[in-house]
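1. Give me a model of this one.
(chains A and B)
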Number of protein chains: 2
Amino acid sequence: MSFPSWLSQLYRGLSRPIRRTTQPIWGSLYRSLVQSSQRRNPEFSSFAVRTNTCGELRSSHLGQEVTLCGWIQYRRQNTFLVLRDFHGLVQVVIPQDEKMPTGEIEIKVKTAELLNACKKLPFEIKDFMKKTEALRLQYRYLDLRSFQMQYNLRLRSQMVMKMREYLCNLHGFVDIETPTLFKRTPGGAKEFLVPSREPGKFYSLPQSPQQFKQLLMVGGLDRYFQVARCYRDEGSRPDRQPEFTQIDIEMSFVDQTGIQSLIEGLLQYSWPNDKDPVVVPFPTVTFTEALATYGTDKPDTRFGMKIIDISDVFRNTEIGFLQDVLSKPHGTVKAICIPEGAKYLKRKDIESIRKFAADHFNQEILPVFLNANRNWNSPVASFIMESQRLELIRLMDTQEEDVVLLTAGEHNKACSLLGKLRLECADLLETRGMVLRDPTLFSFLWVVDFPLFLPKEENPRELESAHHPFTAPHPSDIHLLYTEPKKARSQHYDLVLNGNEIGGGSIRIHNAELQRYILATLLKEDVKMLSHLLQALDYGAPPHGGIALGLDRLICLVTGSPSIRDVIAFPKSFRGHDLMSNAPDSIPSEELKPYHIRVSWPTDSKAERAH
Amino acid sequence: MSFPSWLSQLYRGLSRPIRRTTQPIWGSLYRSLVQSSQRRNPEFSSFAVRTNTCGELRSSHLGQEVTLCGWIQYRRQNTFLVLRDFHGLVQVVIPQDEKMPTGEIEIKVKTAELLNACKKLPFEIKDFMKKTEALRLQYRYLDLRSFQMQYNLRLRSQMVMKMREYLCNLHGFVDIETPTLFKRTPGGAKEFLVPSREPGKFYSLPQSPQQFKQLLMVGGLDRYFQVARCYRDEGSRPDRQPEFTQIDIEMSFVDQTGIQSLIEGLLQYSWPNDKDPVVVPFPTVTFTEALATYGTDKPDTRFGMKIIDISDVFRNTEIGFLQDVLSKPHGTVKAICIPEGAKYLKRKDIESIRKFAADHFNQEILPVFLNANRNWNSPVASFIMESQRLELIRLMDTQEEDVVLLTAGEHNKACSLLGKLRLECADLLETRGMVLRDPTLFSFLWVVDFPLFLPKEENPRELESAHHPFTAPHPSDIHLLYTEPKKARSQHYDLVLNGNEIGGGSIRIHNAELQRYILATLLKEDVKMLSHLLQALDYGAPPHGGIALGLDRLICLVTGSPSIRDVIAFPKSFRGHDLMSNAPDSIPSEELKPYHIRVSWPTDSKAERAH
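-> From the prediction side, this is the model:
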């Protein structure tokens, strides 16, 4: 992300908005932010009392009478003003004697009206990076004046508008609003509750319109979308919001490739013009490949440093612990190559990498300098034979100055560890000055063929859905549901951008019997809570599937913002507080009565005993 | 509203969705619902496994190979099918021997795949008017298949899309999402509460983005809109929903006429093509005129029957009670003329009208037949002199067969009563067969110059805001705030359609001092809860104003639906229940613990004492 430097000057200080009826004489040129990033040219002054924005006037307006509204940027001796709005700024001269300031155009004042005063601002708008985020959130209405927030929110609006055009006008999707006051879903432990006026009865704010979108398919609204507000109560988590927005899509008579093409077209169509165009189709990897190559199901594919399986090199090794590992089932030796690691990484970096591996994965990491002219800096290095060394150089494609990080262990564990180190080292190399990830590059990736079930954390002999229980099994794996359900793959797909999951979806189960079997027999869920959905599937539900894109995260990545809070007008702090209005707030107990609830204060039980 | 009769046949019964790879030979023509109501032609089969919808094939497709997906409408001896989706239906023949059914085109099956089965439906989709609404809501996913629901939801989506194009693409508005988890507003007794994980702290679901939209203006996002989900807990009220949607708009540097033109253009641009175009500008009446002429601030201007002040006719009357009324301050004699009332109204109608007036308004209503050849059917009739009769005929413009309803009393009360009777009589006349209100007519009206304050119901010597405390006073009445605030008019405006308020807004106060004076001194509110807003006004807030349109009500009127529940995909019942999923529902007390609340059962206090 880079911005023209003159723009940062726009927001130096806010003073009085002023209305002027004026005649331009000369002026300096300022480019309008929004005009330049749109193909069509909306009328930004329609219905308003101004005739033009402050960023719009050119020498072609010479002699015209205009009305401008804006904030005073500078004032010099009551004769010279710079007037500003969020489209740009313009010089204004209050006629006294003849002057000739610089610039091509300026406004000669006929009448001027002071519309409001302005107290001293709690911080300068100019340079918001120096303020604490708490201060920015407390005075969010001032922070919104910053160039970055104006850019982010306007870009978000435009991108969503293009998505709607694509879905609604080009492809016949129907925008349907679904309720947010709903019923608790089974296992919906992260759902906010909303007490009703009936004693003991609660609505729940759903985490997604999942049930509704499937019911719409049963209802024959066969191409649905919604820019849907969703809720998730996760307590305090950095860079999560208790309410967030997703582009929610569902369609009937579609398969996985249909949804993938739809989304590729959607992103291509809505992509901002000031970025490089999106290239489609996006590459696809399976979950298994992603884990083996990147150690994660959301690989950042902007750079290499892939995980390489080097087990075969060590089949006949004399190194004891490698022998041990390779003799076990799923035992492997893996490595990643850190480009120019010998140049950029310090000894203490290698030490902290080894400590991280030991602490979090109980794994040994061996740094190896494979190429000539380097000291073998690792205890096992001397046991690596020359033929092995040459084979490793070939397999890992190492260059002089590269460092190889080697680990041995169970396949998944070794991959996960190296996946984490791959990202850690990329960050390290970049803080040391290497350009590893092109900031203008947007690298999309589909991840497919996820497992349908995972072992439950509390009880690994029981199953839970890897995503949600409505996900259809992979067509080739349906028989496994009745024999080895753990091995069944799903028709779930994730969309990954630069290492972030920005969307996920699946083909759904449309057969009531199969859905009942999975819910009741495999997942041991109480099907009563979902009886309406099961019943709906019984009434001629069409095959259907869909996806949801995380809008906040997507816009965050597109604008290169450090946090999703920078693409939301009024975000909550990471503790879920609105620092501007002080929400959540105390409520008089009188106002809780209609909802038949009382606060259980942490000391309540004691207090009650005392009564 | 009228629909082609063939369409109601589409939804006779739902059976199995089926996928077919086929060749068209002959066929019957069916028009596609959505195609006919759109100017552009979206691709309804992109990304799906079908090549065409069932409503799309014409004789020009003869010989092409197509893939269709749909539900079986009829089946005859496994040789002849009608396949249906929500765009139309088409005949399909499974080749056996040569047949020649009626119609221009049909599909010859190559392969067919049964995609799902269908249980016997709980009701026929064909004719939904015969079902109870409870049954429709319980099986909403089936009810959505009805022609009317498909039409309503697709029209709603298209109309909102046009509104977005107008605001965003044509006029540079920025679509900004504002939070729904917020802080309780002063006097926000109708706000749902959302317990947080901090003991005793609650979010609140706001009734509108009012505070946020004003803060956005302070933040320099000077043309904002949002299709905003709002919440209002009013307990059980017919034709209200606990969550609803408004088209929410705010802009800076604008006056009342600017907002009015914006909205007129918005409705004109987004109006469905199958209706008569919207004519702008809309007429405007003041609140005072509306009350005097129609007895309400939301007049139905599709028909006449206006309230006429006939006090002057009776200045010298001998009728005692009229003398009495006219001698009092604000005492008036008023009347409305019921066209052909003598023909359409029955004696018992007149009796129930008089009873209604006596019961609800403590007012006397006198029915008067002013024209010749009718019996004077009223006790005072004989006291009306011939000159008075002629003057009344002239003033009221009565025709033979008309009935005049006359009342005498305090101005506001007499107007309110006659306003109610005007609507009652219009309904009555229409049930008796008169066409008074053209069902294709959409009659918009602006109502302006509302009072800024009203006397509080609990304590009439105190004031409350007629709308909300951020409404700016009328520029001519600012001095009255300091002398006679009750007399001050506001810059609030309502938009009325066919007697329904479909929108309201105002120019807001942008001066912090004035806002503080109104909140603290006139309204005696606790300004602490609004300190963030007051502070924001202090930092150079621009003049601004806005409006909100009630989307559910607007679409309800446009589609001619009996209830807003018919334009919402998954509405709540009038008791606020989701009859499909059974929300709100009980929650295990275990799940209330993280929110530090307990249910106060109605018997709790007794139960506790027993412990």
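2. rest of the way, CA atoms for contacts and neighbours
-> OK.
3. Please spell out which residues along stretch A:73-83 are buried.
-> Residues A:73, A:74, A:80, A:81, A:82, A:83 are the ones in stretch A:73-83 that count as buried (16 or more other CA atoms under 10 Å in any protein chain shown).
4. taking the residues you listed one by one, which sit in strands?
-> A:73, A:74, A:80, A:81, A:82, A:83 (DSSP state E).
5. Export the residues you listed to JSON lines and append columns for distance to chain B and pLDDT.
-> Formatted as JSON lines, these follow (distance: CA to the nearest CA, whole Å; pLDDT from 0 to 100):
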{"residue": "A:73", "distance to chain B": "12", "pLDDT": "79"}
{"residue": "A:74", "distance to chain B": "14", "pLDDT": "78"}
{"residue": "A:80", "distance to chain B": "20", "pLDDT": "78"}
{"residue": "A:81", "distance to chain B": "16", "pLDDT": "80"}
{"residue": "A:82", "distance to chain B": "16", "pLDDT": "82"}
{"residue": "A:83", "distance to chain B": "13", "pLDDT": "82"}
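6. Longest helix in chain A, by number of residues?
-> Using DSSP state H, we find that the single longest helix of chain A is helix A:411-431.
7. what's that one packed up against?
-> Contacts defined by 3 or more CA pairs under 8 Å, 6 or more residues apart in numbering or on different chains; DSSP states H and E place helix A:411-431 against helix A:287-294, strand A:331-338, helix A:347-361, strand A:403-410.
8. Quick one: closest of those to chain B.
-> helix A:287-294 (23.6 Å; CA to the nearest CA).
9. What lies in contact with the closest one?
-> Outside helix A:287-294, the residues within contact range by CA atoms under 8 Å, 6 or more residues apart in numbering or on different chains are A:296-299, A:306-308, A:411-412, A:415-416, A:418-419, A:422, A:447-450.
10. ok, now stretch A:207-224?
-> A:172-176, A:178-179, A:190-191, A:228-232, A:248-252, A:533, A:536-537, A:539-542, A:544, B:85-86, B:140-145, B:150.
11. mind checking how far stretch A:470-478 is from the chain centre?
-> 28 Å (CA atoms, centre = their mean, to the nearest Å).
12. Kindly report the same for stretch A:192-211.
-> Using CA atoms, centre = their mean, the distance between the centre of stretch A:192-211 and that of its chain works out at 26 Å.
13. could I get the helices and strands packed on helix A:411-431 as CSV with mean pLDDT?
-> CSV is the format used below for the helices and strands packed on helix A:411-431 (pLDDT from 0 to 100):
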stretch, mean pLDDT
helix A:287-294, 98
strand A:331-338, 96
helix A:347-361, 94
strand A:403-410, 94
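14. Show me which residues of the stretch 251-400 of chain A are close to chain B?
-> A:251, A:252, A:253, A:254, A:255, A:257, A:258, A:259, A:261, A:262 (CA under 8 Å from any CA of the partner chain).
15. does the fourth one have beta-bridge partners, and which?
-> The reference is to residue A:254. residue B:48 (DSSP bridges).
16. Quick one: neighbours of it, just the number.
-> Applying other CA atoms under 10 Å in any protein chain shown, we find 22 residues neighbouring residue A:254.
17. State whether it and residue A:543 are indeed in contact, as I suppose.
-> Yes: using CA atoms under 8 Å, residue A:254 is in contact with residue A:543, at 7.1 Å.
18. re the thing from before, got TSV for the helices and strands packed on helix A:411-431, with mean neighbour count and distance to residue A:580 too?
-> Output for the helices and strands packed on helix A:411-431, formatted as TSV (neighbours: other CA atoms under 10 Å in any protein chain shown; distance: least, CA to CA, whole Å):
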stretch	mean neighbour count	distance to residue A:580
helix A:287-294	22	41
strand A:331-338	24	45
helix A:347-361	14	39
strand A:403-410	23	48
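19. would you list these in CSV and tack on distance to residue B:508?
-> Formatted as CSV, the helices and strands packed on helix A:411-431 follow (distance: least, CA to CA, whole Å):
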stretch, distance to residue B:508
helix A:287-294, 55
strand A:331-338, 60
helix A:347-361, 57
strand A:403-410, 64
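20. and the buried residues of stretch A:73-83, which two are the farthest apart?
-> A:73 and A:80 (10.6 Å; CA to CA).
21. Run through the stretch 351-500 of chain A and note the low-pLDDT ranges.
-> A:371-382 (pLDDT under 70).
22. now what about stretch A:429-444, what contacts it?
-> Here stretch A:429-444 has contacts from A:1, A:275-276, A:278, A:282-283, A:300-303, A:341, A:344-345, A:426, A:495-498, using CA under 8 Å, 6+ apart.
23. and with 7 Å instead?
-> A:282, A:301, A:302, A:303, A:344, A:426, A:496, A:497, A:498 (CA atoms under 7 Å, 6 or more residues apart in numbering or on different chains).
24. Please apply the same query to stretch A:347-355.
-> Against stretch A:347-355 from outside (CA under 7 Å, 6+ apart): A:364, A:365.
25. can you give me how far that stretch is from the chain middle?
-> With CA atoms, centre = their mean, you get 30 Å for stretch A:347-355.
26. Output it as PDB, restricted to C-alpha atoms.
-> Only the C-alpha atoms of stretch A:347-355 are listed here, as PDB (Å, rounded to 0.1, in the frame of the first residue of the first chain):
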ATOM      1  CA  ARG A 347      22.900 -17.400  16.000                       C
ATOM      2  CA  LYS A 348      20.300 -16.300  18.600                       C
ATOM      3  CA  ASP A 349      17.600 -16.700  15.900                       C
ATOM      4  CA  ILE A 350      18.600 -20.300  15.400                       C
ATOM      5  CA  GLU A 351      18.600 -20.800  19.100                       C
ATOM      6  CA  SER A 352      15.100 -19.400  19.600                       C
ATOM      7  CA  ILE A 353      13.900 -21.500  16.700                       C
ATOM      8  CA  ARG A 354      15.200 -24.600  18.400                       C
ATOM      9  CA  LYS A 355      13.700 -23.600  21.700                       C
END
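27. Just list whatever residues bridge to the residue of the stretch 301-450 of chain A found nearest chain B.
-> Closest to chain B within the stretch 301-450 of chain A is residue A:446: 16.8 Å, counting by CA to the nearest CA. With DSSP bridges applied, residue A:446 shows beta-bridge pairing to residue A:284, residue A:495.
28. Next, count neighbours for residue A:443.
-> There are 18 residues near residue A:443, going by other CA under 10 Å.
29. Give me the distance between it and residue A:280.
-> Using CA to CA, to the nearest Å, we find residue A:443 at a distance of 11 Å from residue A:280.
30. returning to what we had before: show only the entries of the contacts of stretch A:429-444 found in helices.
-> A:344, A:426.
31. Residue B:60: which of the contacts of stretch A:429-444 is nearest?
-> Using CA to CA, the contacts of stretch A:429-444 come closest to residue B:60 at residue A:282, 36.5 Å.
32. Go ahead and confirm the closest one touches residue A:445.
-> Yes: with contact defined as CA atoms under 7 Å, residue A:282 reaches residue A:445; the gap is 5.6 Å.
33. Looking at these two now, which is surrounded by more residues?
-> residue A:445 (23 against 17).
34. Identify the residues contacting that one.
-> Residue A:445 neighbours (CA under 7 Å, 6+ apart): A:282, A:283, A:284, A:495, A:496, A:497.
35. what's the farthest-apart pair in these?
-> A:284 and A:497 (12.1 Å).
36. Does at least one residue of stretch A:582-598 sit close to chain B?
-> Yes: Stretch A:582-598 lies within reach of chain B by CA under 7 Å from any CA of the partner chain, at A:583, A:584, A:585, A:586, A:587, A:596, A:597, A:598.
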